[in-house]
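J.: fold the following for me, if possible:
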Amino acid sequence: MRIREIRKVVEGTSDCAFAVDGGGRILAWNRAAESVFGLSPAEAIGKMCCEIVRGVDECGPVCSKHCVVRQAVERNQPPKNFDLQVETATGKQWCNLSLLIVEEDSSLLPYVIHIVRQTDVQKRLELVVRDFLITSTRLTPEQAVSLITSAPAAAHEAKLSDREVEVLHLLAQGYTTTCIADQLCISRTTVHNHIQHILGKLDAHTRLEAIRRAEHARLI
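T.: As a prediction, this is how the structure comes out:
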């Protein structure tokens, strides 16, 4: 598919939609996107997607130059739809994002069409119910999330190896690098490397953030 065809698809979509090239820059922006984000095509096209959307979820910032979604796209594996709180013209709003990966003739990396549907009231009710379950029952936060969450977190698309999941489980139990090394009979350097890979794949900056993202995405 050529760029002009990608733009036609975006412009012909009634939902808020925009297309992003292989480098993460916006190349198409429809009228619904202009209404939702309060930005004209001239203001949005050419900007980095992460700078415009500025998405967060329950665990913190999601949008970055190497977000989990970009990683999935680089593997040419379309992510499932997911909920994200984005910066709109009227403030932060919860939306559900669906992505379509499109091969472009002149690009090594695929382009991505983002379709954004506003679900703010539904999501806010969902979070209220989740908090009620946590405070009023014996359910753990993870169990409450699994019961009522309508869509997985973006981090669900992170492809962790079996060993990385094993290390994450031990981190979540409070094990130190040395204890994990002893438990798995591997060196501290190997454990450190696994943790760095986990942080990168989950687009997390700390071990605690990685654990929270993994739990929320039901990876552990």
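J.: elements contacting the helix or strand hosting Ile113?
T.: When elements are defined using DSSP states H and E, Ile113 is found to belong to strand 111-118. In terms of contact count using 3 or more C-beta pairs under 8 Å, 6 or more residues apart in numbering; DSSP states H and E, strand 111-118 is assigned the packing partners helix 3-11, strand 16-20, helix 31-37, strand 91-102. From N, CA and C alone the C-beta is placed, and that goes for glycine too.
J.: now for Leu84, how many residues are close by?
T.: 24 (other C-beta atoms under 10 Å).
J.: and what of Ser64?
T.: By other C-beta under 10 Å, the burial measure for Ser64, its neighbour count, is 16.
J.: what about it, distance to Gly91?
T.: Between Ser64 and Gly91 the distance, using C-beta to C-beta, to the nearest Å, works out to 21 Å.
J.: and if you look at Thr13?
T.: Taking C-beta to C-beta as the criterion, Thr13 is separated from Gly91 by 24 Å.
J.: those two: which has the busier surroundings?
T.: Neighbours per residue, other C-beta under 10 Å: of Thr13 and Gly91, the larger number sits with Thr13, 19 against 8.
J.: name all residues that make contact with that one.
T.: Contact criterion C-beta atoms under 8 Å, 6 or more residues apart in numbering gives Asn30, Ala32, Ile113, Ile115 as the residues in contact with Thr13.
J.: wait, the second one touches Asp15, no?
T.: When you say that, I think you mean Ala32. Yes. With the criterion set as C-beta atoms under 8 Å, Ala32 and Asp15 qualify as a contacting pair; they are 5.9 Å apart.
J.: between these two, tell me which one has more neighbours.
T.: With neighbours defined as other C-beta under 10 Å, Ala32 and Asp15 compare such that Ala32 has more, 19 against 14.
J.: which element is Ile211 on?
T.: Under the criterion of DSSP H and E, Ile211 resides in helix 207-216.
J.: buried ones in that helix?
T.: Glu209, Ala210, Ile211, Arg212, Arg213, Ala214, Glu215, His216 (16 or more other C-beta atoms under 10 Å).
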